[in-house]
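Q: Predicted model and sequence below, questions to follow.
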Amino acid sequence: AEGAHLLKVYAVDKLGNVGAEITFVTVIIDTTAPGVPGMPIAEPGPNPNYPDITNDNTPTWNWAPSANVDGDFHHYNVYQDGVKVAEVLTPTYTSAALADGLHVLEVTAVDDLGNESLRSTQGHVFIDTVPPAVPKMGALPAYTRATTLTFTWSTSHGAAKYDFRYSLDGGSLWIDVPGLTVQSYTVDISDVADGVAVQGQARAWDDVSNVSDWSAVVSTIIDRTGPVTVFTAPTADVSTNITSYTWTWSSVDAGCGVVAGYWVKLDSGGAVYQTEPTFTPHILQPGNHTVTVQAVDALGNIEEVPVTSAIVTVVEPVVIRVTPSPETYQINMISTVVLEVAGMIDADFVVSIGDQVLTGDPVHGWRVVRITATEAMSKYYVLLDEEVLQPGQLLINVRAGLLNAQFIFDVLNERSGFGFGRLRP
């Protein structure tokens, strides 16, 4: 039976004589195990809403000590996931590195004689050391002229919150915005200078404080300055007879690099928007003309100062003298007509008799001869003979730029002298 037992022995001979009594050591019978320890409880995880989930894969367990009325407690046996892993003297145990997932712990109390109690109620813990997926940042335009910038990023599975950080100086200094529960953040960039990159990135946290790596950085460059324009034609003041002069220019944008269009104004007229770096008005009247351009880049930035071209002066040629003067002549006395023209610069001088154009004609082109050519005075001979000259009304038409004149001669069938003579004014 349980308890202390004492054995005494003495010898008796055949005659009944009793020998000396021998007393053995008291023997105590103990088959009672210590009391069952309390349920092991792991240190709570970082989220009070989920205390049994932790990202600490070496959790420390504690339990209520075993009730030991006999006072012969020796140690605790620790069983992790059903396997004995340790003997400890105090009611606490720290697990070696555990794999992610559910784990259970049981303990027993053992006395000096090796009597072992029943196992405690299972304690459990869920190990989660896997961070959420790294967020993917929404793409930004390469350049922006905006005063605010909204960063966005993807939802990470299992994420409970996000940290965001951004830089307004190209990545030298970062500003942290922790604990966001949405996947976007708007930054004031109104004070960021042109050419400076604004950057941002995010990371995700789960419910037990596992944190992902920072996402890749997304970036945009501030561009609030318009293009710069230089005229390529004209590059200096120019005079011309051309009534459809073509202005050309080149615009360069130092920011986004894309020039989208131009506001173009002729003289003091209204500006019109176009996409080609050239302008040809339908017709220019005599006088001075300029074109003013303001280039616009792909972001909508307008050139700060409009650029005005050199002056294009349109000169209208004027026939100042016709020799002989338009009157009535005998047919052989009008073999040469001399035209003196002021203001000829670059217009084609086109002479026709009636509907027949002489200038440039492969048969009759030789009949128009330029003798002198200056802006102040140009002289042309128109050579006539019986192939182009008939009795009746002779209409000599002259066109050059804005000049469009007609000179009428009456040609008689009568002759004076012989053949066709040449007039030499």
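A: Happy to help now that I have it. Residues are numbered from 1 along each chain as shown.

Q: any idea of the mean pLDDT for stretch 38-57?
A: Mean pLDDT, taken over the full extent of stretch 38-57, equals 94.

Q: Ok, stretch 86-103 next?
A: Model confidence over stretch 86-103, given as mean pLDDT, is 97.

Q: Could you pull out the buried residues of stretch 24-36?
A: The neighbour-count check on stretch 24-36 (16 or more other Cβ atoms under 10 Å) flags 33-36 as buried. To be clear about C-beta, it is placed using only N, CA and C from the backbone, and glycine gets the same treatment.

Q: and of these, the nearest to residue 184?
A: Proximity of the buried residues of stretch 24-36 to residue 184 was ranked by Cβ to Cβ; the top entry is residue 36 with 54.7 Å.

Q: Regarding the closest one, what is its secondary structure?
A: coil (DSSP: H, G, I helix; E, B strand; the rest coil).

Q: Tell me who's in contact with it.
A: Remark: with contacts taken as Cβ atoms under 8 Å, 6 or more residues apart in numbering, residue 36 is in contact with 66, 108-109, 117-120.

Q: how much space is there between it and residue 372?
A: Counting by Cβ to Cβ, to the nearest Å, the gap from residue 36 to residue 372 is 130 Å.

Q: ok, now residue 213?
A: Here residue 213 is placed at a distance of 85 Å from residue 372 (Cβ to Cβ).

Q: Next, format the contacts of residue 36 as a markdown table and append secondary structure.
A: Formatted as a markdown table, the entries for these read as follows, by three-state DSSP:
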| residue | secondary structure |
| --- | --- |
| 66 | coil |
| 108 | strand |
| 109 | strand |
| 117 | coil |
| 118 | coil |
| 119 | coil |
| 120 | coil |
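
Q: out of the residues you listed, which are buried?
A: Judged by neighbour count, with 16+ other Cβ under 10 Å as the criterion, the buried members of the contacts of residue 36 are 66, 108-109, 117, 120.

Q: Put together TSV for these, with pLDDT and distance to residue 251 on each row.
A: Putting the buried ones among the contacts of residue 36 into TSV (pLDDT from 0 to 100; distance: Cβ to Cβ, whole Å) gives the following:
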residue	pLDDT	distance to residue 251
66	91	89
108	97	87
109	96	89
117	94	90
120	97	83
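
Q: ok, the residues you listed vs residue 78, which is closest?
A: If you rank the buried ones among the contacts of residue 36 by distance to residue 78 using Cβ to Cβ, residue 108 comes first, at 8.5 Å.

Q: does the closest one really touch residue 118, like I thought?
A: Yes - taking contact to mean Cβ atoms under 8 Å, the distance of 6.8 Å between residue 108 and residue 118 places them in contact.

Q: Need the max-distance pair from the contacts of residue 36.
A: Checked with Cβ to Cβ, the contacts of residue 36 reach their widest spread between 66 and 119, with 11.7 Å between them.

Q: need the contact list for residue 88.
A: Here residue 88 is in contact with 75-76, 78 (criterion: Cβ under 8 Å, 6+ apart).

Q: Closest one to residue 378 out of the residues you listed, please.
A: Closest approach to residue 378 among the contacts of residue 88 (Cβ to Cβ): residue 78, at 117.6 Å.

Q: which stretch of helix or strand covers the closest residue to that closest one other than its chain neighbours?
A: Counting by Cβ to Cβ, 6 or more residues apart in numbering, residue 86 is the residue found nearest to residue 78 once chain neighbours are left out, at 4.2 Å. With elements taken from DSSP states H and E, the one containing residue 86 is strand 83-88.

Q: CA-only coordinates of that strand in CSV, if you can.
A: Taking Å, rounded to 0.1, in the frame of the first residue of the first chain, the C-alpha atoms of strand 83-88 are listed here in CSV:
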residue,chain,number,x,y,z
VAL,A,83,7.2,14.3,-29.4
LYS,A,84,9.2,14.7,-26.2
VAL,A,85,11.6,17.5,-26.8
ALA,A,86,12.9,18.6,-23.4
GLU,A,87,12.9,18.2,-19.6
VAL,A,88,12.7,21.5,-17.7
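
Q: ok, whatever helix or strand comes next after that strand: who's next to it in the sheet?
A: In the C-terminal direction, the helix or strand that comes right after strand 83-88 (DSSP H and E) is strand 92-94. In the sheet containing strand 92-94, its partner strands are strand 60-62 (antiparallel), by DSSP bridges.

Q: for the record, mean pLDDT for the strand it pairs with?
A: Mean predicted lDDT for strand 60-62 stands at 98.

Q: in it, what's buried?
A: Neighbour-count burial for strand 60-62, counted by 16+ other Cβ under 10 Å, picks out residue 61.

Q: That one: how far from the chain's middle?
A: Taking Cα atoms, centre = their mean, to the nearest Å, one finds strand 60-62 lying 53 Å from the centre of the chain it belongs to.

Q: what's next to it, contact-wise?
A: 40-43, 91-95, 105, 123.

Q: out of these, which one sits closest to residue 293?
A: Among the contacts of strand 60-62, residue 43 lies closest to residue 293 (Cβ to Cβ), at 73.6 Å.
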